[in-house]
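>>> here you go, sequence then predicted model.
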Amino acid sequence: MNNSDGTPRRDRRGYASQLLGEEHSSNFLLINSRAGPSELRRENGLRTSRANPSLSSEEDSLVTTLSRSDVTFAKNFLESAINESVVVIHGNVSVQYSGRASSRANLAPRIVITKPDGTLLVHESTKSMPINWQPPGSRFNVSVQDSSLVLEAFRKKEREMIVLLFQRLFYIAASNVTQGNFSFSGSESGMVDVVIRNPKVIEEGFVSARREFRTPYGSIDLIGRDKQGNQLVLEFKRRRAQLSSVSQLDRYVSYIKENQDRANGAARTAKRGKKVRGGVVAPSITKEALTLLNRKGYEFFKLKPVLYLD
């Protein structure tokens, strides 16, 4: 079937499936957009195939087809790229996390993204947020176990690890991605930046201590302490705060209270015996949310999203 302009239409199997073809369904692809055609042919002795005759020589030369028995080539390719390039891996993978909490995702087709700063993201077919992730600063280790590719992302300071076991690979792509000029108005992250730069917008004597503090219920936007040494947990919203904002804050405060004596980092910013306060930071709040906030003993701090930051 063709498109309206007469060109062949790609079906829902996806680009990788069409490159491989039905007869190579057990194979997988290496896609190296970091290097020119001649560079890829020299790299690690990988063989470049004409998997799809309709592709131009320039496009096709960046694609390498490997059989499942060549998983060691995938390991070598990944090791050479993971600390220098943005890497995207599509495969049947199981995910196991251990650290502040624990989680496990059984074997399923997923997209895994790594970045040179140590970021790792595991995505499924719905929603914008990954089902699991590691923030910048993680260290990667790649190995082969029982003909399966294993990728570990480890944070030594926080004692957190994600182990990804790929039982089947569809493709691995490595790309050079650089930072450009980017500006975004009115984000929650921008609101946190404002508070860190000018803590008086919360209250006199407030000192920020930790942002994006990870918990089993999500990441706390900002934790700090007041002038009495009490800990202050802040949940930011760039639009009107709802009941869900208060519920989320309540989970965060409860977690910090329960883990204050043994948690690392942010929990140590408050002295023992001091209170753990909670607050919602937003341009406005619904009447129902404010009622619940007051009932819980938390506070509302009014702050509008900034339009521009230096």
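Yes, it's here.
>>> which residues of this protein score low on pLDDT?
Counting by pLDDT under 70, the chain contains low-confidence residues at 1-26, 34-69, 182-186, 261-273, 306-310.
>>> point to the residue nearest the middle of it.
Leu121 (3.8 Å; C-alpha atoms, centre = their mean).
>>> need the three-state assignment for that residue.
Classification of Leu121 by DSSP: H, G, I helix; E, B strand; the rest coil places it in strand.
>>> what does Pro136 give?
The three-state label for Pro136, taken from three-state DSSP, comes out as coil.
>>> quick check: closest non-adjacent residue to it.
Counting by C-beta to C-beta, 6 or more residues apart in numbering, Pro136 lies nearest to Asp117, which is 4.2 Å off, once chain neighbours are set aside. (C-beta placed from N, C-alpha, C; glycine too.)
>>> number of nearby residues for the one you found?
Residues near Asp117, counting by other C-beta atoms under 10 Å, number 10.
>>> with the one 10 residues further on instead?
Residues lying near Lys127 (other C-beta under 10 Å) number 8.
>>> please apply the same query to Gly99.
A total of 16 residues lie near Gly99 under the criterion other C-beta under 10 Å.
>>> go on, the one 10 residues further on?
By the criterion of other C-beta under 10 Å, Pro109 has 12 neighbours.
>>> list the buried residues of the host helix or strand of it.
Assigned by DSSP states H and E, Pro109 falls within strand 102-114. Neighbour-count burial for strand 102-114, counted by 16 or more other C-beta atoms under 10 Å, picks out Ala105, Arg110, Ile111, Val112, Ile113, Thr114.
>>> and the third one, what does it touch?
Shown here is Ile111, whose contacts under the criterion C-beta atoms under 8 Å, 6 or more residues apart in numbering are Val88, Ile89, His90, Val122, His123, Glu124.
>>> ignoring the adjacent residues along the chain, who's closest to the second one?
With sequence-adjacent residues excluded and distances taken as C-beta to C-beta, 6+ apart, Ile89 is closest to Val112, at 4.4 Å.
>>> please report how far the residue nearest to Pro136 lies from Gly180.
Relative to Gly180, Asp117 is positioned 16 Å away (criterion: C-beta to C-beta, to the nearest Å).
>>> same check on Thr72?
36 Å.
>>> what do you get for Ala241?
To Gly180, Ala241 is 33 Å away according to C-beta to C-beta.
>>> most neighbours of all the contacts of Ile111, which one?
Across the contacts of Ile111, the neighbour count under other C-beta under 10 Å reaches its highest value at Ile89, namely 25 neighbours.
>>> my read: that one touches Val150, true?
No: under the criterion of C-beta atoms under 8 Å, Ile89 makes no contact with Val150, lying 11.9 Å away.
>>> higher neighbour count, Ala241 and Gly180?
Of the pair Ala241 and Gly180, Ala241 is the one with more neighbours under other C-beta under 10 Å, namely 24 against 5.
>>> what's near enough to touch that one?
Residues counted as contacts of Ala241 (C-beta under 8 Å, 6+ apart) are Val280, Ala282, Ser284, Ile285, Thr286, Ala289, Phe300.
>>> my read: the second one touches Leu293, true?
No: with contacts counted by C-beta under 8 Å, Ala282 stays clear of Leu293, the gap being 10.6 Å.
>>> between the two, which contacts overlap?
The contact sets of Ala282 and Leu293 overlap at Phe300 (C-beta under 8 Å, 6+ apart).
>>> returning to that earlier point: what about the residue nearest to Pro136, distance to Phe301?
Counting by C-beta to C-beta - Asp117 and Phe301 are separated by 31 Å.
>>> for Glu158, same thing?
Distance from Glu158 to Phe301, counting by C-beta to C-beta: 28 Å.
>>> partner strands of the strand holding Pro109, parallel or antiparallel?
For strand 102-114, the paired strands and their directions (DSSP bridges) are strand 86-98 (antiparallel), strand 120-123 (antiparallel).
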